[in-house]
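Asker: Return atomic coordinates for the entry below.
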Amino acid sequence: MKPALRRVFWVGLIFSLAFSQSGFSQEDCRRAEEFAANALGHAKRLYNVDSMAEANLYSENLLKAAQDSLKAASRCGCPDAEAYSEETLKYARKALQAQSLDEVRIEAENAMGSSEDALRAAVACGD
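Answerer: Residues are numbered from 1 along each chain as shown. Below you'll find the predicted structure:
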């Protein structure tokens with residue numbers, strides 16, 4: 001193979017590999033939106049709980065939704081949504097460790113803000 005032809009081959013191969021690895025799907029972005037919205041819903045429910053048993057349930061639901069949001073945002077190629085989803089995860093973990101409903105509400109309020117931000121970022125990435 002001639003050097004010029006070999007160079008064209010390798011450039012084409014590298015180009016196709018780069019785009020196949022970074023080819024984010026709209027479906028992943030839609031799922032990032034869906035999971036971020038889900039996390040927001042769980043954070044709102046968590047804020048309004050009446051018992052620590054309910055708080056544990058909604059904290060676990062929030063944690064799962066934030067993990068799903070993070071995974072989908074990563075697949076979507078949306079670093080802002082990833083960062084906000086990681087924040088939501090942090091607040092969900094803190095809510096799980098909280099000793100009182102007041103502490104739970106503080107973390108739930110923080111999680112509402114970060115999950116709203118994750119949702120906005122995922123919507124922007126999907127556009």
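Asker: State the distance from Ser74 to Ala95.
Answerer: Computed as C-beta to C-beta, to the nearest Å, the Ser74 to Ala95 distance reads 23 Å. All C-beta atoms are positioned from the backbone trio N, CA, C, and that covers glycine.
Asker: between these two, who's got more neighbours?
Answerer: Ala95 (27 against 16; other C-beta atoms under 10 Å).
Asker: ok, the more buried one - contacts?
Answerer: Listed by C-beta atoms under 8 Å, 6 or more residues apart in numbering, the contact partners of Ala95 are Leu46, Ala55, Ser59, Leu62, Glu103, Val104, Glu107, Ala108, Ala111.
Asker: could you check the distance from it over to Gly126?
Answerer: 28 Å.
Asker: Please apply the same query to Ala111.
Answerer: Applying C-beta to C-beta, the value for Ala111 to Gly126 is 22 Å.
Asker: These two: who's more crowded?
Answerer: Ranked by neighbour count (other C-beta under 10 Å), Ala111 and Gly126 place Ala111 first, with 32 against 18.
Asker: Verify the stated contact: that one with Glu86.
Answerer: No - judged on C-beta atoms under 8 Å, Ala111 makes no contact with Glu86 at a distance of 11.7 Å.
Asker: re earlier: what two of the contacts of Ala95 are the furthest from one another?
Answerer: Largest separation among the contacts of Ala95 by C-beta to C-beta: Leu62 and Glu103, giving 14.5 Å.
Asker: where do the strands sit along the chain?
Answerer: Along the chain, counting by DSSP state E, no stretch forms strands.
Asker: Pull the number of nearby residues for Glu27.
Answerer: Neighbours of Glu27 using other C-beta under 10 Å come to 12.
Asker: got it, and Glu116?
Answerer: Using other C-beta under 10 Å: Glu116 sits among 17 other residues.
Asker: Please look at it and Leu40 and confirm they touch.
Answerer: Yes - Glu116 is in contact with Leu40 according to C-beta under 8 Å; the separation is 5.9 Å.
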